[in-house]
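In: Turn this into a model:
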Amino acid sequence: MKKVLITGANKGVGFETARQLLLQGYYVYLGSRTLSNGLDAIEKLKAEGLNNAEAIELDVTDAASVLAARAIIGEKTQSLDALINNAGINGGMPQSALEADIDQYAKVFDTNLYGVIRVTQAFIDLLRNAPEPRIVNVSSSGCSLTLHSDPTWKYYDHKAAVYTSSKAAMNMYTINLAYELRDTPFKVNAVCPGFVATDFNGHRGTGTVQEGGARIAKYVMIDNDGPTGQFFSEEYNPETGVTPW
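Out: Numbers count the residues shown, from 1 in each chain. Down below sits the predicted model:
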């Protein structure tokens, strides 16, 4: 049975991705900043008959929490088939490039960029032990430099200086990570779930968590001929998903 760790998986797109991978036969380590929220999520899955999941307390902004989660999972398994870096925050609004202060940037980067790095580096050894390891970094088409520079793009005026900067930086980390793992069986990609209605955006999204979860799960399950080092948003590009950086 393949095993996957999903950060920020107690609700929203992370929870739905866990649900869809459980249906595909994966064993899911459901990362949650607080264990109680994770246990509540596990009970919801069990109510659907999805029993191959367990909650792991994991705060991506806390190095000690990340290492503790690594130790717990390492006691349970020698390998991890997939890592989904899903945990993220939007940082609140407004987000002006001229007025947002450094503390606001620091808080968002600590989760959206540094958190991804902390978790990836902590679990890379377990991933290396899997025959076909996959890393999916949950991104957003709204952090594309190309799209946000295009006045004809439908979301051109939807600027959020702090959040988009953090995710654009995470995309660059994804490129570098994929490059360093290019001669291995790893597949590393950045994937946008789409503008789905969740707590993250005050349920203003126009898509569903089911759609978002499916888009992420798809790139966990790609075969050895699948892509690596790419950026996908099926909402932006329904045909191939390929999205400009």
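In: Need the nearest residue in space to the most centrally placed residue in the chain, chain neighbours excluded.
Out: Among the residues of the chain, the one closest to the centroid is residue 86, at 2.4 Å (Cα atoms, centre = their mean). Excluding its sequence neighbours, the residue lying closest to residue 86 (Cβ to Cβ, 6 or more residues apart in numbering) is residue 14, at 4.1 Å. Where C-beta positions appear, they are placed from N, C-alpha and C, glycine not excepted.
In: Am I right that residue 5 is in contact with residue 82?
Out: Yes - with contact defined as Cβ atoms under 8 Å, residue 5 counts as touching residue 82 (7.5 Å).
In: The residue nearest to residue 17 when sequence neighbours are not counted: which element?
Out: Closest residue to residue 17 apart from its sequence neighbours, by Cβ to Cβ, 6+ apart: residue 213 at 4.3 Å. Counting by DSSP states H and E, the element that carries residue 213 is helix 209-220.
In: Please identify the buried residues of that helix?
Out: Within helix 209-220, the residues that count as buried by 16 or more other Cβ atoms under 10 Å are 209, 211-220.
In: try stretch 38-51
Out: 38, 41-42, 45, 50.
In: What mean pLDDT does that stretch get?
Out: The pLDDT scores in stretch 38-51 average 98.
In: again with stretch 102-114
Out: pLDDT averaged over stretch 102-114 gives 98.
In: could I have it exported to CSV, CA atoms only?
Out: Listed next in CSV are the C-alpha coordinates belonging to stretch 102-114 (Å, rounded to 0.1, in the frame of the first residue of the first chain):
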residue,chain,number,x,y,z
ILE,A,102,7.7,43.0,6.9
ASP,A,103,6.0,41.1,9.8
GLN,A,104,3.1,40.3,7.4
TYR,A,105,5.5,39.0,4.8
ALA,A,106,7.5,37.0,7.3
LYS,A,107,4.4,35.2,8.6
VAL,A,108,3.2,34.2,5.2
PHE,A,109,6.6,33.2,3.9
ASP,A,110,7.2,31.1,7.1
THR,A,111,4.3,28.9,6.1
ASN,A,112,4.1,29.1,2.3
LEU,A,113,7.8,28.8,1.6
TYR,A,114,9.9,28.0,4.6
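In: tell me which residues in that stretch are buried?
Out: 104-105, 107-114.
In: Inside helices: which ones of those?
Out: Among the buried residues of stretch 102-114, the ones falling in helices (DSSP state H) are 104-105, 107-109.
In: from the residues you listed, which is closest to residue 77?
Out: residue 109 (30.6 Å; Cβ to Cβ).
In: pretty sure the closest one contacts residue 169?
Out: Yes - between residue 109 and residue 169 there is a contact at 7.1 Å, judged by Cβ under 8 Å.
In: re earlier: and the residue nearest to the centre of the chain, what is it in contact with?
Out: By Cβ atoms under 8 Å, 6 or more residues apart in numbering, the residues touching residue 86 are 6-9, 13-14, 17, 138, 216.
In: Inside strands: which ones of the residues you listed?
Out: If you go by DSSP state E, those have 6, 138 in strands.
In: Export the contacts of residue 86 as JSON lines, with columns for pLDDT.
Out: JSON lines is the format used below for those (pLDDT from 0 to 100):
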{"residue": "6", "pLDDT": "98"}
{"residue": "7", "pLDDT": "98"}
{"residue": "8", "pLDDT": "97"}
{"residue": "9", "pLDDT": "98"}
{"residue": "13", "pLDDT": "95"}
{"residue": "14", "pLDDT": "96"}
{"residue": "17", "pLDDT": "97"}
{"residue": "138", "pLDDT": "98"}
{"residue": "216", "pLDDT": "97"}
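In: Closest to residue 98 out of the contacts of residue 86?
Out: residue 138 (28.4 Å).
In: about what we covered before: who does the helix holding residue 213 touch, helix- and strand-wise?
Out: On a contact count with 3 or more Cβ pairs under 8 Å, 6 or more residues apart in numbering; DSSP states H and E, helix 209-220 meets helix 12-23, strand 82-85, strand 134-138, strand 187-192.
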